[in-house]
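> Predicted model and sequence follow; I will ask about them next.
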Amino acid sequence: MEPWYAATAYLKDGAAQLSDFHIDRTKVQDGAIMTYVGNKSKELAESFSHMYDIEVLSAKELRKSVNKENYAIIAH
């Protein structure tokens, strides 16, 4: 599963968007999961983790998590 689709599949009532700290800060809230691709995105996502109780994952970590959950569902 591609990272973009993994992110949208993993999220409930969420969105996959992050471009600017000042624009996006009003959209971030406790309990959010922020996914990054690349060092600049990681830096931005981690800056939000100092303000909110959020989970920060790389796209690779998110993809593995989604694939693992989907496998567990299929296996049952």
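Noted; the coordinates are in hand. Numbering: from 1, shown residues only.

> can you pull out the helices in this structure?
3-10, 21-24, 39-49, 59-75 (DSSP state H).

> can you pull the contacts of the nearest residue to residue 53 once chain neighbours are set aside?
Taking CB to CB, 6 or more residues apart in numbering, and ignoring the residues beside it in sequence, residue 53 has residue 30 as its nearest neighbour in space, at 4.4 Å. Backbone N, C-alpha and C define where each C-beta goes, glycine included. Each residue near residue 30 by CB atoms under 8 Å, 6 or more residues apart in numbering is listed here: 52-54.

> what do you get for residue 28?
So residue 28 contacts 34, 48, 51-52, 54 (CB under 8 Å, 6+ apart).

> What's the per-residue pLDDT of it here?
We have a pLDDT of 85 for residue 28.

> ok, it to residue 67 distance?
Using CB to CB, to the nearest Å, residue 28 is found at 26 Å from residue 67.

> what do you get for residue 56?
For residue 56 relative to residue 67 (CB to CB), the value is 19 Å.

> One more: residue 51?
30 Å.

> More neighbours: these two, which one.
Neighbours were counted for residue 51 and for residue 67 using other CB atoms under 10 Å; residue 67 has more, 13 against 10.

> Which pLDDT does the model give the more buried one?
72.

> With residue 9 instead?
The model's pLDDT for residue 9 equals 64.

> Likewise for residue 4?
At residue 4, pLDDT is 61.

> which parts of stretch 31-49 are buried?
Neighbour-count burial for stretch 31-49, counted by 16 or more other CB atoms under 10 Å, picks out 32-36, 41, 44-45, 48.

> Which one of these is nearest to residue 62?
residue 35 (4.9 Å; CB to CB).

> for the closest one, which residues make a bridge with it?
Beta-bridge partners for residue 35, by DSSP bridges, are residue 57.

> The closest residue to residue 33 other than its chain neighbours: neighbouring residues, count only.
Counting by CB to CB, 6+ apart, residue 55 is the residue found nearest to residue 33 once chain neighbours are left out, at 4.6 Å. The local packing of residue 55 (other CB under 10 Å) involves 13 other residues.
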